[in-house]
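Visitor: I'll drop the sequence and a predicted model, then ask my questions.
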Amino acid sequence: MSSEIKANKISPATGTAFTFGDSGDTFTIPSGTTLDIASGATIDATGATATGFGVSNDFVNVALSADQAMTKNVITKVQYDTEVYDPNGWWDSTTNYRFQPDEAGYYLVIAHLGWNNAGTQYDVVDGYVYKNGSEFMHGETLYRASMQNDITISCISQMNGSSDYLEIYARHGTNDNPPLDATGFNASTATNNMASFVRLT
């Protein structure tokens, strides 16, 4: 048999800690209700087991399904057309090739870019994160002739959860135009061009 107590405030006796029930008891907060913890309060779960916290689908992982052609010395959007993980539908893999979340927060961005070994001269390669159509972050490394070449860039971007979007761009230098390589040398296991977007807060 259940019972119900209604009160505006329950406080512990002076100098004591407030305890709910006995060991093994379960307290249930009904669906649709809110447990409001005031600013400045502390939740102490030392020695306890907490489940269900920090579980989130706020992430995207995308890749190239095939090599993407490059024009030398032209900053080119990477057209990630394979959604490895996209539970919220935040990646456009057919038209704009962009990340546009509907949850505001700070997002970790990691993009791995790889060019195949068709280039014959030493040069530079660049990776970019663009936010709302403008350069937000840039990384550069040396392209070694006739070798597989890679660069990884990362940053954290605040997103407003509505209009903000991110895109990944790449550039090869002025001497050659090897393509962005989808698979790398070991096609059975390697995915050479991938990007991940993960909500932090």
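Guide: Looks like it came in fine.
Visitor: so Y122 sits right up against T141, yeah?
Guide: No - judged on C-beta atoms under 8 Å, Y122 makes no contact with T141 at a distance of 11.6 Å. Glycine gets a C-beta too; all of them are placed from N, C-alpha and C.
Visitor: contact partners for V109?
Guide: V109 makes contacts with 99, 129, 137, 153-157, 166, 195-197, as judged by C-beta atoms under 8 Å, 6 or more residues apart in numbering.
Visitor: now, of the residues you listed, which are buried?
Guide: Among the contacts of V109, those buried by neighbour count (16 or more other C-beta atoms under 10 Å) are 99, 129, 137, 153, 155, 157, 166, 195-197.
Visitor: closest to S146 out of the residues you listed?
Guide: Of all the buried ones among the contacts of V109, S146 sits closest to I153, with 23.8 Å by C-beta to C-beta.
Visitor: still on that earlier bit, so which of the contacts of V109 belong to helices?
Guide: With helices defined by DSSP state H, no entry of the contacts of V109 lies inside them.
Visitor: okay, those residues in a markdown table with pLDDT next?
Guide: Listed next are the contacts of V109 as a markdown table, based on pLDDT from 0 to 100:
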| residue | pLDDT |
| --- | --- |
| F99 | 98 |
| V129 | 98 |
| M137 | 96 |
| I153 | 96 |
| S154 | 96 |
| C155 | 97 |
| I156 | 97 |
| S157 | 98 |
| L166 | 98 |
| A195 | 95 |
| S196 | 96 |
| F197 | 97 |
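Visitor: what about these, which are in strands?
Guide: Counting by DSSP state E, the part of the contacts of V109 found in strands is 129, 137, 153-157, 166, 195-197.
Visitor: closest to I29 out of the residues you listed?
Guide: Distance to I29 across the ones in strands among the contacts of V109 (C-beta to C-beta) is lowest for F197, with 31.8 Å.
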